[in-house]
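Visitor: Below are the sequence and a predicted model; questions follow.
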Amino acid sequence: MPRDSATPAPAVSILTPAYDVARLVGAAVDSVLAQDFPDWEMIVVDDGSRDGTAEAVAARRDPRIRLIVQENAGVSAARSRAMAEARGEAILFLDADDWLAPDALSRLLAALAAAPEAVGASRRLLR
């Protein structure tokens, strides 16, 4: 799938590999749609699902969401495909059974801006 070079690159590319997660992926996509930071793209790679995963993603109609359907090749291949399609200045990996807090992208970009020499940022979860 060729990249659209006429459209400016988004600040963040959110990459989601998905395999047979129709009942869960909608919550992940909805959490991205609820972000307080609007300059993102989400690339969901349906890795050969048989349960309606692609339909669950396609039901969320937003031009910032791209759905790629491929034959099952495994999660690593799906992530690699998403990386190859990503146009953002920053990358965020979001598994299809996870979700983002509404301010996750704005916090990510603030952390990266505060440390311009950084090549990555993560949040450690304490339990």
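Guide: That came through, no problem. Just so you know, these numbers come straight off a predicted model, no measurement behind them.
Visitor: going forward, measure contacts between C-alpha atoms and count neighbours the same way
Guide: Noted.
Visitor: which residues does the closest residue to Asp51 other than its chain neighbours contact?
Guide: Spatially, and ignoring its direct neighbours in sequence, Asp51 is nearest to Asp20 (5.4 Å; CA to CA, 6 or more residues apart in numbering). Contacts for Asp20 (CA atoms under 8 Å, 6 or more residues apart in numbering) come out as Gly48, Ser49, Arg50, Asp51, Gly52, Thr53.
Visitor: please redo it, this time with the cut-off set to 7 Å
Guide: Ser49, Arg50, Asp51, Thr53 (CA atoms under 7 Å, 6 or more residues apart in numbering).
Visitor: looking at this, it is in a strand?
Guide: No. Applying DSSP: H, G, I helix; E, B strand; the rest coil, one finds Asp20 to be coil, outside a strand.
Visitor: Next, the residue nearest the centre of the chain: phi, psi?
Guide: The residue lying closest to the centre of the chain (CA atoms, centre = their mean) is Ile14, at 2.5 Å. When read as degrees, to the nearest 10, the backbone of Ile14 gives phi -100, psi 120.
Visitor: partner residues bridging it?
Guide: Here Ile14 sits in beta bridges with Met42, Leu92, as judged by DSSP bridges.
Visitor: Was I right to think it contacts Ile43?
Guide: Yes. If you go by CA atoms under 7 Å, Ile14 and Ile43 touch, sitting 6.1 Å apart.
Visitor: picking that back up, okay, the residue nearest to Asp51 and Gly26: tell me how far apart.
Guide: 12 Å (CA to CA, to the nearest Å).
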